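Enquirer: Got a sequence here, can you build the structure:
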Amino acid sequence: CGASSTNNQAPRSSHVPYLLRPIRPMLFRQTQRILRRLPNAVNASRGLATVAPPRLFSYEQVTAGVKEADAIESVEAAFGMLAKGKVDVPIPMHIGIDESPEAGPGDCHIKGGYVYGTKTWTVKLANVSFYKNTEKGLPIGSGIFVVIDATNGFPLAIFQENRYLTDLRTGAAGAVSVKHFAARDHTKVCFLGTGMIAGAMARASNEVQNWTEAFCYGHDDQMNKDFCAKMEKDLGFKFTPCATAEEAVSSADVIFTQTPGSATVLEKSWLKPHATIIASGSDQNTKQEIPVDVMASSKMVCDLVRQCVRVGELRSAVEAGAMTEGDVYAEIGEVVNGTKPGREGDELIVVDLTGTGAQDAAIGQVAWDVLSK
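Expert: All right, here's what the predicted structure looks like:
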């Protein structure tokens, strides 16, 4: 009976449908792999609780610790890497805050990037043009930089920089432009627009060029005079407030434009034949500072062509049919790397600065290096 009972029992595997029998070993192996990994997964989950939160640096710490001289070399190197294709820099994001009873008006710009081989990467959020803030006793702009560890993806620091680092890296780009596109004997400079960015341009460019006199124009006469008085005191050379933009432009070898509007700010007939124009006002497709005929007759240089054709001065010339992307002489990084020469004689040069994530990544690394010690 025992033998008969044993013979009548089906093998245990017969309870598994025939088609699934080959899968059993595979399921067993997969289960074993999962079980082996569980301790690591648990440890990793526990590790998240031990990661230090990002350090917060105040506006006062940032402004006291990071200066123009810290920024110029790193931004110049970032332009060089950008031209080599060694920077991951997405097209900027723009959020428009339309005016309503509850909010605005204002704009938010989000940029970022990673420079190959560096230890950090950066995301920057800059809020600008909140003009109603003046009625509240607040600045019209603010911003933060988030610097992330490139080895593990964890945030290292948040810099409450309120556009200071943005203006610093913009000024550094202006200084790099002067270094490569203005002759050493071009010592008279013009500023059209006399706000915070003009100050950043003046301070940074003074690190690379021996200016002898500045000519300045802004729509607010008192602001223009105050700017000239402060810059002359800080930088030690003469700043002259001008009654018209034409007076300022026609007096200078190098012209910085940094205005927020959509109307052009100069005319070709005002320019010296060898003028260098460094335009940083256009960062969205509603803005334009430089007339199309000026760009079309110049040696045109961009910080990043694919960005300038969308939101920079170049956009207006292309839309007007006066230029194509192929008419751009160079990106700044190509000149930095020595691939192409900068100024070669008495030619008219226009440099289109829209601001790149490469600059933000560079200045973020500098800020971390300086302030984390």
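
Enquirer: from the chain's centre, how far out does the helix or strand hosting L56 sit?
Expert: Of the helices and strands defined by DSSP states H and E, L56 is found in strand 55-57. Between the mean C-alpha point of strand 55-57 and the mean C-alpha point of its chain there is a distance of 21 Å (Cα atoms, centre = their mean, to the nearest Å).

Enquirer: Equivalent analysis for stretch 286-293, please.
Expert: Per Cα atoms, centre = their mean, the displacement of stretch 286-293 from the mean C-alpha position of its chain is 21 Å.

Enquirer: Next, the buried residues of it.
Expert: When neighbours are counted by 16 or more other Cβ atoms under 10 Å, the buried residues of stretch 286-293 are found to be 287-292. For glycine as for every other residue, the C-beta is placed from the backbone atoms N, C-alpha and C.

Enquirer: and what of stretch 180-189?
Expert: Neighbour counts over stretch 180-189 (16+ other Cβ under 10 Å) mark 180-182, 186-189 as buried.

Enquirer: Max pairwise distance over these: which two?
Expert: Using Cβ to Cβ, the pair of the buried residues of stretch 180-189 lying farthest apart is H180 and K188, separated by 18.5 Å.

Enquirer: circling back to that earlier point, list the buried residues of the strand holding L56.
Expert: Neighbour counts over strand 55-57 (16+ other Cβ under 10 Å) mark F57 as buried.

Enquirer: what sits up against it?
Expert: Strand 55-57 is contacted by residues 156-160, 367, 371-372 when judged by Cβ atoms under 8 Å, 6 or more residues apart in numbering.

Enquirer: among the residues you listed, which ones are buried?
Expert: Neighbour-count burial (16+ other Cβ under 10 Å) is assigned, among those, to 156-157, 159-160, 367, 371.

Enquirer: Filter those down to just the ones in helices.
Expert: When the buried ones among the contacts of strand 55-57 are checked against helices (DSSP state H), the matches are 367, 371.

Enquirer: Contacts for the helix or strand just after the strand holding L56, please.
Expert: Where DSSP H and E defines the elements, the next helix or strand beyond strand 55-57 is helix 59-65. Contacts made with helix 59-65 from outside it, assessed by Cβ under 8 Å, 6+ apart, are listed as 159-162, 164-165, 367, 370-371.

Enquirer: quick one on the thing from earlier: out of the buried residues of stretch 180-189, flag the one nearest to P90.
Expert: Distance ranking of the buried residues of stretch 180-189 against P90, using Cβ to Cβ, places H180 first at 25.7 Å.

Enquirer: That closest one sits in which helix or strand?
Expert: Under the assignment given by DSSP H and E, the secondary-structure element containing H180 is helix 164-181.

Enquirer: quick revisit: so of the buried residues of stretch 286-293, which ones are in helices?
Expert: Counted as lying in helices by DSSP H, out of the buried residues of stretch 286-293, are V292.

Enquirer: Mind putting the contacts of strand 55-57 into a markdown table with distance to A198?
Expert: Listed next are these as a markdown table, based on distance: Cβ to Cβ, whole Å:
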| residue | distance to A198 |
| --- | --- |
| L156 | 32 |
| A157 | 29 |
| I158 | 28 |
| F159 | 23 |
| Q160 | 23 |
| A367 | 22 |
| L371 | 26 |
| S372 | 30 |
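
Enquirer: Throw those residues into JSON lines and include pLDDT and distance to G85, thanks.
Expert: Putting those into JSON lines (pLDDT from 0 to 100; distance: Cβ to Cβ, whole Å) gives the following:
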{"residue": "L156", "pLDDT": "98", "distance to G85": "26"}
{"residue": "A157", "pLDDT": "98", "distance to G85": "28"}
{"residue": "I158", "pLDDT": "98", "distance to G85": "30"}
{"residue": "F159", "pLDDT": "98", "distance to G85": "28"}
{"residue": "Q160", "pLDDT": "97", "distance to G85": "33"}
{"residue": "A367", "pLDDT": "97", "distance to G85": "25"}
{"residue": "L371", "pLDDT": "97", "distance to G85": "30"}
{"residue": "S372", "pLDDT": "95", "distance to G85": "29"}
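
Enquirer: which of those residues lies closest to A248?
Expert: Distances from the contacts of strand 55-57 to A248 were compared by Cβ to Cβ; the smallest belongs to A367, at 33.2 Å.

Enquirer: thinking that closest one is in contact with T166, fair?
Expert: No. In this structure, A367 sits apart from T166 without contact. The criterion is Cβ atoms under 8 Å, and the distance is 11.4 Å.

Enquirer: mind listing what the closest residue to P155 other than its chain neighbours touches?
Expert: Distances taken as Cβ to Cβ, 6 or more residues apart in numbering put P54 closest to P155, at 3.9 Å, once the chain neighbours are dropped. Going by Cβ under 8 Å, 6+ apart, P54 touches 146, 154-158.

Enquirer: where along the stretch 1-150 of the chain do the helices fall?
Expert: For the stretch 1-150 of the chain, the helices defined by DSSP state H, counting those that start in this stretch occupy 2-8, 23-48, 59-65, 68-83.
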